[in-house]
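Asker: no sequence on this one, just coordinates:
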């Protein structure tokens, strides 16, 4: 995992989290020293435990904020934004492409190779095979070697195509493409995939290096990039650092350029991005046959990337439509406004504390956002009713989990939320609904959501109850461990609440409104009112 400074005195600095403990602050003894007057001398530290990075505020004067929430402790995931003083830091994956340096300078020694080079090679071999009987015996070994290599390349293309065309998420796809390129080209040390952003600039999106290659900046020749994009050709550059014509070009020397291949990602006449490969140690390790193969793999990758983007756009559209429906549900019931967002925050925190991986945490968060979508089929008079529900009314409320499941079922990419939405009212002792599942037969995501859902219901105003302080709600949850709720899940929520707020649970009071409030703000407000009295 890496930290990238977005704002502050150390803007554009990249720090690697390599040790078990990384100390952050103004003091020179800190592992990450930041000259920011608003930071404490020892402001925070990041502890790595079992592959999980945990941020700890060290009782700093001005506090620490992650994603705009003040925290004392929080598990970090890629994409989180840490604000300490005037410094803003992004949490990034090891493969994040922030540390890319573009080098300007004179054009270097390159060969431009057409995108259809491999097709030309195939045509040449087929053509030569028609007259092979007329060839002299001494030319046969060369012809056979060329044909053998071509067949090997075609086999590689087929294998890579099968691997990447079934992948739907862009991050997974880029990782698989990079992995395959390192596998196919034994002499490639580093892979960088650049994609075009909305401003038509080509931004580095993914970097992957061999495990034995030291981690340092990935330096890209801007002249190679521009030529490849402008002319829509593959570029082969070999040992430019040793060419005496460019011995005075500082950009070439600082890059220590030995061997480079670059291929544009072209689909339906549009350049979507580029694949940039290099080796800074071995000269002349790529030839035109390697670039021809890279070109074919880039064509496959471009199709897969376009499909992935279309799929993700479709996902986003579906998700936005579902969230719009969810807003309709919450509009029917002012008491639960913000409930889904708060519940998803608690569920995500529980999942992190239980050690689930990043992907599982995100899935649970999504399920939590959508868990009450089925209430769109429940009459408002039942939702708003303050007195006890009749048997028929209670059955109508119970049916919302099945209605929600049916609403979401046609959306293939949300299939993972179905068992969570269906099962979030199951009870650990087997007395819940709709299926009466017991214990670990209840999906883990549903057990997590059940606790998060109940906690938010207890701590916010509802027609049927007054809100409880956090400490009282936690007591009630603990009393129901092993009965209604999974004990491990309750313990994880308790740990999350204790560690994720800057005050102790005993001091946290409930929000006085139904919005997604920070409990600390409520605490301060309550304290001021007490003084006035």
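Answerer: Nice, I can see it. This structure is a prediction, so every number in the text was calculated from the model and none was measured.
Asker: are we agreed that residue 91 is in a strand?
Answerer: Yes: counting by DSSP: H, G, I helix; E, B strand; the rest coil, residue 91 is found in a strand.
Asker: beta partners for it?
Answerer: Judged by DSSP bridges, the bridge partners of residue 91 are residue 3.
Asker: let's number from 156 now, not from 1
Answerer: Will do, 156 is the new start, and the previous item becomes residue 246.
Asker: and it, how many neighbours?
Answerer: By the measure other Cβ atoms under 10 Å, the count of residues near residue 246 is 21. Where C-beta positions appear, they are placed from N, C-alpha and C, glycine not excepted.
Asker: would you agree it is in contact with residue 235?
Answerer: Yes: if you go by Cβ atoms under 8 Å, residue 246 and residue 235 touch, sitting 4.3 Å apart.
Asker: which residue packs closest to residue 504, ignoring adjacent ones?
Answerer: residue 651 (3.8 Å; Cβ to Cβ, 6 or more residues apart in numbering).
Asker: quick one: what helix or strand has that neighbour in it?
Answerer: According to DSSP states H and E, residue 651 maps onto helix 642-655.
Asker: what comes up buried for that helix?
Answerer: Across helix 642-655, burial judged by 16 or more other Cβ atoms under 10 Å covers 643-655.
Asker: in those, which has the lowest confidence score?
Answerer: Within these, residue 655 has the lowest pLDDT, namely 68.
Asker: ok, residue 480 touching residue 527?
Answerer: No: taking Cβ under 8 Å as the definition, residue 480 is not a contact partner of residue 527, at 10.4 Å.
Asker: so between these two, which is more surrounded?
Answerer: Counted by other Cβ under 10 Å, residue 480 and residue 527 do not tie: residue 527 has more neighbours, with 23 against 13.
Asker: I'd like the distance between that one and residue 605.
Answerer: Using Cβ to Cβ, to the nearest Å, residue 527 is found at 13 Å from residue 605.
Asker: who does the residue nearest to residue 238 when sequence neighbours are not counted form a beta bridge with?
Answerer: Taking Cβ to Cβ, 6+ apart, and ignoring the residues beside it in sequence, residue 238 has residue 220 as its nearest neighbour in space, at 4.3 Å. Beta-bridge pairing of residue 220 under DSSP bridges involves residue 225, residue 238.
Asker: where does the stretch 256-405 of the chain have low pLDDT?
Answerer: Counting by pLDDT under 70, the stretch 256-405 of the chain contains low-confidence ranges at 256-323, 353-354, 369-372, 394-405.
Asker: got the contact list for the residue nearest to residue 228 when sequence neighbours are not counted?
Answerer: In space, and not counting its chain neighbours, residue 228 is closest to residue 654: 3.8 Å by Cβ to Cβ, 6+ apart. Residue 654 is in contact with 227-229, counting by Cβ atoms under 8 Å, 6 or more residues apart in numbering.
Asker: where along the stretch 406-555 of the chain do the helices fall?
Answerer: Taking DSSP state H, counting those that start in this stretch, the helices of the stretch 406-555 of the chain run over residues 443-487, 494-508, 513-525, 535-538, 546-553, 555-563.
Asker: tell me the buried residues in stretch 518-537?
Answerer: 518-530, 533.
Asker: on that earlier part again, adding mean pLDDT and distance to residue 415, write the helices of the stretch 406-555 of the chain out as CSV.
Answerer: Below are these laid out as CSV (pLDDT from 0 to 100; distance: least, Cβ to Cβ, whole Å):
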stretch, mean pLDDT, distance to residue 415
helix 443-487, 77, 10
helix 494-508, 88, 41
helix 513-525, 87, 33
helix 535-538, 50, 63
helix 546-553, 59, 63
helix 555-563, 85, 47
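Asker: hey, which of those helices is tucked in deepest?
Answerer: With neighbours taken as mean count of other Cβ atoms under 10 Å, the helices of the stretch 406-555 of the chain reach their highest mean count in helix 494-508, at a mean of 24.
Asker: just to revisit the earlier point, okay, the helices of the stretch 406-555 of the chain in TSV with distance to residue 574 next?
Answerer: Compiled in TSV, the helices of the stretch 406-555 of the chain are given as follows (distance: least, Cβ to Cβ, whole Å):
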stretch	distance to residue 574
helix 443-487	17
helix 494-508	14
helix 513-525	9
helix 535-538	25
helix 546-553	17
helix 555-563	9
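Asker: wait, which of these is closest to residue 156?
Answerer: With Cβ to Cβ, the closest approach to residue 156 among the helices of the stretch 406-555 of the chain belongs to helix 513-525: 10.7 Å.
Asker: which strands or helices does the closest one pack on?
Answerer: On a contact count with 3 or more Cβ pairs under 8 Å, 6 or more residues apart in numbering; DSSP states H and E, helix 513-525 meets helix 443-487, helix 494-508, helix 573-578, helix 599-614.
Asker: among those helices, which is nearest residue 387?
Answerer: Closest among those, using Cβ to Cβ: helix 443-487, at 10.5 Å.
Asker: next, the angle from that closest one to helix 555-563.
Answerer: For helix 443-487 against helix 555-563, the angle by axes from the mean of the first three to the mean of the last three Cα atoms, to 10 degrees is 140 degrees.
Asker: ok and helix 443-487 relative to helix 513-525, angle-wise?
Answerer: Angle, helix 443-487 to helix 513-525, by the same axes, to 10 degrees: 30 degrees.
Asker: for the stretch 156-305 of the chain, what spans make up the strands?
Answerer: 157-162, 169-171, 176-180, 187-188, 199-204, 207-212, 219-221, 224-226, 228-230, 236-239, 242-247, 255-258, 266-268 (DSSP state E, counting those that start in this stretch).
Asker: ok, and what's touching stretch 566-582?
Answerer: 323, 466, 469-470, 473-474, 477, 518-519, 521-522, 525-526, 528-529, 553, 556-557, 559-560, 563-564, 587-592, 597-598, 600-602, 604-605, 608, 638-640.
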